[in-house]
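K.L.:
my questions are about this predicted structure, shown below with the sequence.
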Amino acid sequence: MPYTTRELIQILEQELQANWQGQRWLPSVRERVGHAVIALAIPPERLSMVFAFEDFRAQVHEYQRTQGVSGIIWRTCRFRGAELAVPEVHGQLCAIEGDKERLMAAKEAVLDFWWRYTQGLDYWWVHPHTRPVTVAELTQALTQAEWLELDATRTELYLGLCWGDPKEYRYQWARPASGCDRVVAAQALPQAIKV
C-alpha cells in the first residue's frame, strides 16, 4: 500500500530536519553548484544540506508519479466568520496526473465564496503593480482561469487566478503557458500584500 499524501509530507519534514541538523552528507557537492566562486563561498556542509534534500525530494516526487499519490492538500480559508476548504498543491510535493482536475473541480465553490464575502470591498490586482480592478475586468479574467486559489488575512481576501501546468504555475519563467495572477479584496488600498 503506497504512502498517503500526509505521510509523504511528514517524511519530507523529517528529512528536512535531519538535513538541517547535519545528519545528511553528500560528498563532492561543490561540482554541482555550477559556479566556482559561489561553490567556494558557501561551506560544503551547507551545500550538502541543500543538495541532499533536493535529491530526496526528487525521489519523493518520482514515488508520487509511479504510485499515483496526489500532491494536493486541503487547507481551510477563513474570512469574515466563514470558512471554505480549498485544494492546493503542497509546496514540497508535485502535482501528478489528475491533480489539475481536482483543482479545477473546486473553482465554482471558491468563486461563490469570493463573491459572497467580498461584497462592499474594493478589488485590486496585486502584480506587477497594485492597481484597482473593476468587476467587469475581474469577471473577464476569471473566464480564463482554469482553477482558483484562496487565501486571507484578517481584513483582506486573496484570489489566485491560475492556469497551465500545476507543477510550474508559480514560477515567472513558466509564463505565459502557466501562471497565477492575484487579486485582493480590501476595504481600501491593500495593507498586507501576500504573494
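P.N.:
Received, thanks.
K.L.:
pull out the buried residues from stretch 91-105.
P.N.:
In terms of neighbour count (16 or more other C-beta atoms under 10 Å), stretch 91-105 has its buried residues at 92-96, 99-100, 102-104. C-beta coordinates here come from the backbone N, C-alpha and C atoms, glycine included.
K.L.:
same check, this time on stretch 154-173
P.N.:
156-164, 166-167, 169.
K.L.:
between the buried residues of stretch 91-105, which sits nearest residue 187?
P.N.:
Nearest to residue 187 among these, counting by C-beta to C-beta, is residue 103 at 29.1 Å.
K.L.:
who touches the helix or strand containing residue 88?
P.N.:
Using DSSP states H and E, the element containing residue 88 is strand 82-89. Contact with strand 82-89 is made by 71-77, 95, 99, 102-103, 106, 109-110, 113, 116-117, 149-150, 166-167, as judged by C-beta atoms under 8 Å, 6 or more residues apart in numbering.
K.L.:
low-confidence ranges in the protein?
P.N.:
Applying pLDDT under 70 to the chain flags residues 24-48, 192-195.
K.L.:
tell me where it has strands.
P.N.:
72-79, 82-89, 122-125, 131-132, 147-152, 157-163, 179-186 (DSSP state E).
K.L.:
and residue 54, how many neighbours?
P.N.:
Look at residue 54: counted by other C-beta atoms under 10 Å, it has 13 neighbours.
K.L.:
quick check: it vs residue 19, distance?
P.N.:
Distance of residue 54 to residue 19, computed by C-beta to C-beta, to the nearest Å: 10 Å.
K.L.:
mind listing what's buried along the helix of greatest length in the chain?
P.N.:
Secondary structure of the chain read by DSSP state H shows that its longest helix is helix 44-67. Within helix 44-67, the residues that qualify as buried by neighbour count (16+ other C-beta under 10 Å) are 47-49, 51-53, 56-57, 60-61, 64.
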